[in-house]
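>>> Would you be able to build a 3D model of this:
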Amino acid sequence: MAPLPPRAISLVFLFLFFTAASATRRLDDAGGQPTAASSATAFLRVPLRHHAPRQARRRPRPNVAAAKASGRSRPASMILLAQGGAARVDAALKDCKSTISDAGDLARQSSAELGQLDAGAAAAGVSSRQARWHVSNVQTWLSAAITDEGTCTDGFEEAGEAAAGSPAGKEVAAGVARVKQHTSIALALVNGIPL
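Predicted coordinates:
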């Protein structure tokens, strides 16, 4: 099998790097809240309202004492569900920043993996088996990044109407939806690499 074209791998590498860097920068610049992002993507063929996270059927109140007794730690949003709206929003923002940071790390890791593949292909030193391994790693990490991005918006839904309907909750949901679009496009590009 012929080596992967270096230009194609370089383009995917640059796209992933841009996506990872911009997602993290938007969260840091906004104090934990995503801001504007490019919306010129093929992902928007379906209206954005169809990509909204599903509604939780019930909103259980966590039993903090039972959680402590069992030795399990819970995210801040789960512990603070019984408190007021501002505490819920703050907890959801904190959890979201953490999961988006993890998603950014996974995207950067994917970018580095594609860089190794690109360097090996340019030197004609990557076998097809190694190339499949690199691409499989990238697919796994980008899929996990998409899951982390969804977890962020789910946290606002689980925190209740006060968090999901707050200006911060709406802005974060919109920003994360844009980041998720970029990650989905990156995954689609990686899935299209001929091996």
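
>>> helices or strands next to the longest helix along the chain in the packing?
For the chain, the longest helix by residue count, based on DSSP state H, is helix 85-122. Where contact means 3 or more CB pairs under 8 Å, 6 or more residues apart in numbering; DSSP states H and E, helix 85-122 is packed against helix 6-29, helix 76-79, helix 128-158, helix 161-164, helix 167-191. Just so you know, the C-beta spots here come from the backbone N, C-alpha and C atoms, and that holds for glycine as well.

>>> Now do the buried residues in it.
Buried residues in helix 85-122, counted by 16 or more other CB atoms under 10 Å: 87-93, 95-115, 117-118, 120-122.

>>> can you check stretch 145-153 too?
Using 16+ other CB under 10 Å as the test for burial, stretch 145-153 gives 145, 146, 148, 149, 150, 151, 152, 153.

>>> pLDDT below threshold where in this protein?
Scanning the chain for pLDDT under 70 picks out 1-85, 120-123, 125.

>>> make it 50
Residue ranges of the chain with pLDDT under 50: 1-4, 8, 10-14, 16, 23-42, 44-82.

>>> I'd like the distance between the residue lying closest to residue 166 once chain neighbours are set aside and residue 97.
Ranked by CB to CB, 6 or more residues apart in numbering and with sequence neighbours excluded, the top spatial neighbour of residue 166 is residue 89, at 5.0 Å. Noted for residue 89: a distance of 12 Å to residue 97, by CB to CB, to the nearest Å.

>>> So what's the residue count around the closest residue to residue 146 other than its chain neighbours?
Spatial nearest neighbour of residue 146, excluding adjacent residues (CB to CB, 6+ apart): residue 183 at 5.3 Å. Residue 183 is flanked by 26 other residues according to other CB atoms under 10 Å.

>>> Then the one 10 residues further on?
Burial measure for residue 193: 19 neighbouring residues, criterion other CB under 10 Å.

>>> surely it meets residue 135?
Yes - using CB atoms under 8 Å, residue 193 is in contact with residue 135, at 5.6 Å.
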